[in-house]
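Student: what's the 3D shape of this:
(2 chains)
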Amino acid sequence: MINIDINKTLNGSQGKMNLRAALDIKEHEFIALAGESGSGKTTLLRILAGLEDANGTLKVSDKIYLDDKINVAPQKREIGFVFQDYALFENMSVEENLLFVERDKQLSSYLLNLCELYSLKDRFTNTLSGGQKQRVALCRALMKKPKILLMDEPLSALDPVMRAKLQNEILMLHKEFKTTTIMVSHDPSEIYHLASRVVILDHGMIKDDGIPKEVLLKANTPNEFSFEGQLLDIIKGDIEYIAIVAMGQKLVEVVVELDDMKNLKIGSSIKVHMKAVGVEK
Amino acid sequence: MMDIFSGLEFNPFLLSFKLAFITTSILFVLSLPLAWYLSQTTSKFKPFFEALTALPIVLPPSVLGFYILWALSYNSPLGHFFEEYFDIKLVFNFTGLVVASCFYSLPFMVQPLQSGFEGLSKNMLEASYVSGKGKFETLLRVAMPNIKPSLLTALIVTFAHTVGEFGVVLMVGGSIPEETKVASVAIYEMVEMMDYTSAHIYSAIMLLISFLVLLAVYIFNHKHNKKFGAI
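Tutor: Predicted structure coming up:
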């Protein structure tokens, strides 16, 4: 059980902001921390790890990590942290990165095998691909057998195929090591796939908290489908106009009526609604 | 050809290198914690310490030399203390030169180290803390191995700078053969006595050594950057 009740004044990109978070987290939960950038997600993670101080209390099981008098150093917290930019030790090989944390060759070999990294164990980390680096960072974070695993957008820099693969590995390791996991993520499909609970931060406040299915689908009515994208171009067809919209990595063509078209500006961000008529596999 | 060299005293060179080696060793040990502190601190006193360590770069060597001479002489409390209690004289001998050189070359050791430490990824250091390692172990096993080019630059430049110092050495040490007469002072004296042949040979040796030392540093850094990416 983790009890979080902290607050901290941040100097964010939009001026001063108060980060306030009160959460009770059950053991072995997998929490996704979502919200716009600058909403305080990373700071919350860093406070949990002891890398930043804050007011309030933080209790893990029966151990106090933070209160008025106590502020346990990051070294003494049973926490594993996966940084967004991996933060591997560049002067060490893959295996040495793991052994640096704990001289436990059995555990390091086990982890490296599990993540298909064993054949790379003697390589220096700057020769690895992004996905490989991220897996090394994940393995390294687990070398301490932490109670809590914190991950700051661990998959954001990877391509979709690698993402899907690593999502499965994260889930497997979460179960295998029985950690309580908190992961910052922007990707709804990732959150849906991995998390048992999602907490959405907005300007330092918890805006939403619940099961991913409920929280993520709340915005959409059942038989309507909508997405936001950027309007790239409008092409004149034979009888109607066609808008080219960029949705994530994909481009979509949408038919627009003349009246609607007048209000559209190329380059602006728009929301497209559709009635779902059928789903193909 | 041999005649020219046989008449030469090589003691000043030995003395220069001995002084540079000792100064570099002392400064390395002292500057590591200082540079590490300066790179990590968010204290408002940081600019004050930075300005203080950079002073020897801008001060005329005669000014620095004068203050050091004054501070170390028997008439100052510090010089008095050392001479009364430890029977150590700090001026016009080799010990005095070492002390003066440590002040004079301090910025050349601190600054490369500090900028090396500042260029390190903050997350990498924090990853070490989260892994359970304290500041000292992080400095030794993560920070230092990852700033090898800066370490080498600091060591070599400090060494070379100490070999090349002149004004401070002359003021604090004078020119006592086999005690404080280093190569740069010897060249000065040769020119004064119009012994240009010796001055030429000495100067050429200094030039060659300095160039080779710098070339070695640049080659190493070039290779290192190729291997690990520029820092």
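
Student: low pLDDT regions in the chain?
Tutor: In the absence of a named chain, chain A is used. Applying pLDDT under 70 to chain A flags the ranges A:12-13, A:219-225, A:275-281.

Student: actually chain B
Tutor: For chain B, residues meeting the criterion pLDDT under 70 lie at B:1-7, B:228-231.

Student: ok, and for the longest helix along it, which residues are buried?
Tutor: In chain B, with assignment by DSSP state H, the single longest helix is helix B:196-228. By neighbour count, with 16 or more other CB atoms under 10 Å in any protein chain shown as the criterion, the buried positions of helix B:196-228 are B:Ser198, B:Ala199, B:Ile201, B:Tyr202, B:Ser203, B:Met206, B:Ile209, B:Val217, B:Asn221. C-beta here means a position set from N, CA and C on the backbone, and glycine is covered the same way.

Student: Which of the residues you listed sits closest to chain A?
Tutor: Using CB to the nearest CB, B:Asn221 comes nearest to chain A of those, at 15.9 Å.

Student: Which residue ranges of chain B form helices?
Tutor: Using DSSP H, the helices of chain B run over B:2-6, B:11-40, B:46-58, B:61-72, B:77-81, B:94-118, B:122-130, B:135-138, B:148-164, B:167-173, B:183-192, B:196-228.

Student: just checking, what packs against the longest helix of chain B?
Tutor: helix B:2-6, helix B:148-164, helix B:183-192 (3 or more CB pairs under 8 Å, 6 or more residues apart in numbering or on different chains; DSSP states H and E).

Student: I'd like to know which of those helices lies nearest to A:Lys26.
Tutor: Of all the helices and strands packed on helix B:196-228, the one in closest proximity to A:Lys26, counting by CB to CB, is helix B:148-164 (46.4 Å).

Student: what packs against that closest one?
Tutor: Applying 3+ CB pairs under 8 Å, 6+ apart, we find helix B:148-164 packed against helix B:11-40, helix B:94-118, helix B:183-192, helix B:196-228.

Student: Residues of chain B that sit close to chain A?
Tutor: Residues of chain B lying close to chain A (CB under 8 Å from any CB of the partner chain) are B:121, B:123-124, B:126-134, B:141-142, B:145-146, B:228-229.

Student: So how do I select the buried members of those in ChimeraX?
Tutor: To isolate the buried members of those in ChimeraX, using 16+ other CB under 10 Å:
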select /B:121,123,124,126,127,128,129,130,131,132,133,141,142,146
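
Student: which residue packs closest to residue 78, ignoring adjacent ones?
Tutor: Looking at chain A here, since you left the chain open. Of all residues not flanking A:Glu78 in the chain, A:Lys147 sits nearest, at 4.3 Å (CB to CB, 6 or more residues apart in numbering or on different chains).

Student: my bad, the chain I had in mind was chain B
Tutor: The nearest residue in space to B:Leu78 (CB to CB, 6+ apart) is B:Ala71, at 5.5 Å.

Student: ok, and the closest non-adjacent residue to residue 50?
Tutor: Defaulting to chain A. A:Gly50's closest residue in space is A:Pro74 (CB to CB, 6+ apart), at 3.8 Å.

Student: To clarify, I was referring to chain B.
Tutor: B:Leu38 (6.4 Å).
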